[in-house]
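Engineer: Output the structure for:
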Amino acid sequence: MNALPTLSATEITTDRLRLRKAHDADIDGLIDLQTDPQVRAHLGGPRPRTAVEQYFDANGISAIAGKPGTYVIADKETDRFIGTLVLDRRSADLPGHITEEGGELELAYLLRHGSWGAGLAFEAATAMLRAAADELPDQPVLVVTQTANERSLKLAARLGFQHMSTFEAYDAEQTLAAAELHSFKARPPVS
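Structural biologist: This is a model prediction of the structure:
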């Protein structure tokens, strides 16, 4: 597979959310995501706050703001940081692919613990995947998560991802789920 592009939209809105590029005011929220034990329960645990702060002190917000397909999930009315949403290429060096070449699109999401259970991740992911379906050629999209992360698996299933396989990585069983990008095209209203 040639290096295909990822989503280029700079902003995507929904009824409640704005997916946008990160800016300096988001650093505290980004630090919280990396250091919260509940958010990182299935991601190897919380990272030390000093290490995350040092990373942002050294790299600033530009370390993530400029990456295509990387968005902050913000409240549409207040612009309050809720989480992150990424649609990027899964490195062929990593396990968990459905093509021989690897490099498939991969969806990843992290929300602040206080925003769980309100359907925000579903709303944000649906909007991003619809935008990608309109912009990019049809191709597989992956979700990879620890099998123990039942909330993430339920979200992937609700989005329409199908279980493909499991594999071991990071000292835990991972689940690979996939969907075809065209399945997220917005359907025109029925008259």
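Engineer: which residues of the chain fall in helices?
Structural biologist: With DSSP state H applied, the chain shows helices at 27-35, 49-59, 62-65, 120-135, 150-159, listed in chain order.
Engineer: Tell me which of these sits nearest to residue 76.
Structural biologist: Put simply, out of these the one that sits nearest residue 76 is helix 120-135, at 10.3 Å, with distance taken as Cβ to Cβ. (Each C-beta comes from the backbone N, C-alpha and C, glycine too.)
Engineer: Direction-wise, compare that closest one with helix 150-159 and give the angle.
Structural biologist: 40 degrees (axes from the mean of the first three to the mean of the last three Cα atoms, to 10 degrees).
Engineer: mind saving the C-alpha coords of helix 120-135 as CSV?
Structural biologist: Output in CSV follows, covering the C-alpha atoms of helix 120-135 (Å, rounded to 0.1, in the frame of the first residue of the first chain):
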residue,chain,number,x,y,z
LEU,A,120,-19.4,12.1,23.0
ALA,A,121,-16.8,9.7,21.7
PHE,A,122,-19.4,8.1,19.4
GLU,A,123,-20.5,11.5,18.1
ALA,A,124,-17.0,12.7,17.5
ALA,A,125,-15.8,9.4,15.8
THR,A,126,-18.9,9.3,13.6
ALA,A,127,-18.3,12.9,12.4
MET,A,128,-14.6,12.2,11.8
LEU,A,129,-15.3,9.0,9.9
ARG,A,130,-18.0,10.6,7.8
ALA,A,131,-15.6,13.4,6.9
ALA,A,132,-12.9,10.9,6.0
ALA,A,133,-15.4,8.8,3.9
ASP,A,134,-16.2,12.0,1.9
GLU,A,135,-12.5,12.9,1.4
